[in-house]
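Asker: Below: sequence and its predicted model.
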Amino acid sequence: MHDDFAVEPIPGLPEVPPDGERILWQGTPSWRVLARRLFQFPLIAAYFVLLAAWSGASASADGAASGDVAVTVVGTLGVGLVLLVMLGLVAWWIERSTVYTITSERVAIRYGLALPMTVNFPFKVISDAGLKMFRNGTGNVSLSLMRGHSVAFPLMWPHVRPWHWTRAQPTLRGLPDARAAADVLAGALDAHAARQAAEPETGESGTGDPVRVSVTTAGKTAKTAKDDGGSVAQPAGSM
């Protein structure tokens, strides 16, 4: 089978990181988590079960034969099953085509199977981050960008925080172990803030102050580095 990403020198990155930059963590979303949280499999399944029951009861009340009632119920459930299979394939496609990378200097999101691209978010353009965890340990890590830096919600979907359209937040979504990713990010951002504070002669306007990473639901708080002198996050490359 053809490997769509065979030209990558390092999986998830369009080029080898510069000297001094280290890859700290890489991961991919889980298609099972995406199916449940992004595509809402339980709600869709419940909807079609209720619809099938209602259709069967309605057909029976109209005097339909038991065979016709069964056909109505099975047909409705079949439509729901086809929809779930299609959405499951999309979730699998997202898992296969996505790599999240945290380095000592940035967060990179490689996504897209038909038109793959990698978008870099240097720590100096990240104002804060948020970890949302679910009871089973899965979750999302979202990045808030400083004013003047933005991404397009439709372009980055589904790797954006839900319901945040006007100021889209890039998101490492559907992580099997979201806490581990958040801990790595917190440490990397703290280290970046320390370096910025120790090297004022670089001419960058950052203060080196740590930025909090808030946690919701079953989550906690991580830390990011604040630097008002960042440049706009641009796609690092496409293949």
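Answerer: Okay, I see it.
Asker: Run through who's touching stretch 33-52.
Answerer: 72-74, 76-77, 79-81, 83-84, 87-88, 90-91, 94-95, 134, 138, 158, 173-176 (Cβ atoms under 8 Å, 6 or more residues apart in numbering). In this view, the C-beta of every residue, glycine as well, is placed from N, C-alpha and C.
Asker: mind listing which of those residues are in helices?
Answerer: 72-74, 76-77, 79-81, 83-84, 87-88, 90-91, 94-95 (DSSP state H).
Asker: Residue 142: which of those residues is nearest?
Answerer: Checking the ones in helices among the contacts of stretch 33-52 against residue 142 with Cβ to Cβ, the nearest one is residue 94 at 16.8 Å.
Asker: Kindly supply the PyMOL command isolating those of the contacts of stretch 33-52 that are buried.
Answerer: Applying 16 or more other Cβ atoms under 10 Å to these leaves a buried subset, and the PyMOL line that selects it is:
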select buried, resi 72+73+76+77+80+83+84+87+88+90+91+94+95+138+158+173+174+175+176
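Asker: Low-confidence ranges, this structure, go.
Answerer: The chain contains residues with pLDDT under 70 at 1-7, 200-239.
Asker: hmm, try it at 80
Answerer: Counting by pLDDT under 80, the chain has low-confidence residues at 1-8, 113-114, 199-239.
Asker: quick one, strands of it?
Answerer: Counting by DSSP state E, the chain has strands at residues 23-27, 99-103, 106-111, 117-122, 126-133, 139-145, 171-175, 210-217, 222-225, 235-238.
Asker: can you list the domains in this structure?
Answerer: For the chain, automatic domain parsing gives the domain ranges 36-94, 107-232.
Asker: most tightly surrounded among these?
Answerer: Mean neighbour counts were compared across those using mean count of other Cβ atoms under 10 Å; the top stretch is domain 107-232, at a mean of 19.
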